[in-house]
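**Q** Got a sequence here, can you build the structure:
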Amino acid sequence: TNLLNYPNPFSTQTQFVFTLTGSDIPDEFNIQILTVSGKLVRTITREELGPIHIGRNITEYRWDGRD
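**A** Numbering: from 1, shown residues only. So this is what the prediction gives:
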């Protein structure tokens, strides 16, 4: 829930902040970045994000805003 990028706005790079609920970490977890028109810009995989856990997460992955 509550997937956001931080900082927002950003100039050179941004990380992702989200809350993972439930009792188990999912086997598959991706963040997809889309344009306003719905075109897929980037898919970030669980492996790229770094360690995740139940609760509030801030990813180690930093996105530079490029497609």
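
**Q** residue nearest the centroid of this structure?
**A** Centroid-nearest residue in the chain, with Cα atoms, centre = their mean: F16, separated by 4.2 Å.

**Q** what is it paired to in the beta sheet?
**A** Note on F16: beta-bridge partners by DSSP bridges are N5.

**Q** Quick one: residues contacting it.
**A** Applying Cβ atoms under 8 Å, 6 or more residues apart in numbering to F16 gives the contacts L3, L4, N5, Y6, I31, I44, L49, I58, T59, Y61, W63. No exception for glycine: its C-beta is placed from N, CA and C like everyone else's.

**Q** separation between it and Y6?
**A** 7 Å (Cβ to Cβ, to the nearest Å).

**Q** residue ranges of the helices in this structure, please?
**A** Assigned by DSSP state H, the chain shows helices spanning 46-49.

**Q** where exactly do the strands run in it?
**A** Secondary structure of the chain (DSSP state E): strands at 4-6, 15-20, 30-34, 40-45, 55-58.

**Q** deepest of those strands, which one?
**A** Neighbour counts (mean count of other Cβ atoms under 10 Å) averaged over each of these peak at strand 15-20, with a mean of 17.
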